[in-house]
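Engineer: Kindly generate the corresponding structure for this input.
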Amino acid sequence: MIAYGIDLSAAKVAVAQVNGGFRVRHVEAGPVKGEDHEARIARAAQLAGTVKELLAGVDAEDVIAIESPSVAGRGQGHATGEVFGLVLRVVISEAAGQWFLVNPMHLKMFATGKGRAEKDEIRLAVFKRWGFEAETNDEIDAFVLAQMARCTVEPDCYTAQQREVVGRCFLTGGKKPRRKNLQFDRATL
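Structural biologist: Just a heads-up that it's a prediction; the model follows:
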């Protein structure tokens, strides 16, 4: 089983894999002329291709946690949500593993114990707990998401507080992961 964490934004993506060791990739979309609707779609297509490549080996028993877009993103919530939705539709419709959306507050609670933690607090907590250092906040978020995904199948590796957060996020009745399963027709993408 491999646990994946995906942190998407309007112009970049970070994907982490955790299965004993860990690997994190951070990719920014290439430049796209203009900022109109077509430019955002082109950027989303670049990101979708990158995520599909990074998730090429996903098996049915693998677990993927994806940070859901925050609507309070200082004016970027709508654009990020649009790009997020396009990328998500393409990638998740083809992924084999179980996947979950994670609210940013739950990500912060899992990493630090506080739902309103600052990025520096998350960075420090992740380093103290797992010894993981990253260049970007996106990489840290992806790493925490992968740890959350891993916690769904290996809960004994985590604290009671972390298991509780994951239970609130992912689990139904505290026992079985709830799979998000969306069917998309290629024509609707």
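Engineer: switch to C-alpha atoms for all contacts and neighbour counts from now on
Structural biologist: Noted.
Engineer: right, and P155 touches R163 too?
Structural biologist: Yes. Contact status for P155 versus R163: in contact at 6.3 Å, counting by CA atoms under 8 Å.
Engineer: neighbour-wise, which of these two wins?
Structural biologist: Neighbours per residue (other CA atoms under 10 Å) separate P155 from R163, with R163 holding more: 20 against 17.
Engineer: in which helix or strand would I find the more buried one?
Structural biologist: Using DSSP states H and E, R163 falls within helix 160-169.
Engineer: Quick one: list the elements packing against that helix.
Structural biologist: Contact partners of helix 160-169 among helices and strands, from 3 or more CA pairs under 8 Å, 6 or more residues apart in numbering; DSSP states H and E: helix 104-112, helix 137-153.
Engineer: Single out the most deeply packed of the ones you listed.
Structural biologist: Mean neighbour count (mean count of other CA atoms under 10 Å) peaks for helix 137-153 among those, with a mean of 26.
Engineer: so that helix versus helix 104-112, what angle?
Structural biologist: If you take axes from the mean of the first three to the mean of the last three CA atoms, to 10 degrees, helix 137-153 sits at 80 degrees to helix 104-112.
Engineer: one step back: and the helices and strands packed on helix 160-169: which comes nearest E38?
Structural biologist: Smallest distance to E38 across the helices and strands packed on helix 160-169 (CA to CA): 24.8 Å, for helix 137-153.
Engineer: Which elements pack onto the closest one?
Structural biologist: By 3+ CA pairs under 8 Å, 6+ apart, helix 137-153 packs against strand 3-8, strand 12-19, strand 21-28, strand 63-67, helix 104-112, helix 119-130, helix 160-169.
Engineer: among these, which is nearest E94?
Structural biologist: Here strand 63-67 is closest among the helices and strands packed on helix 137-153 (CA to CA), at 12.6 Å.
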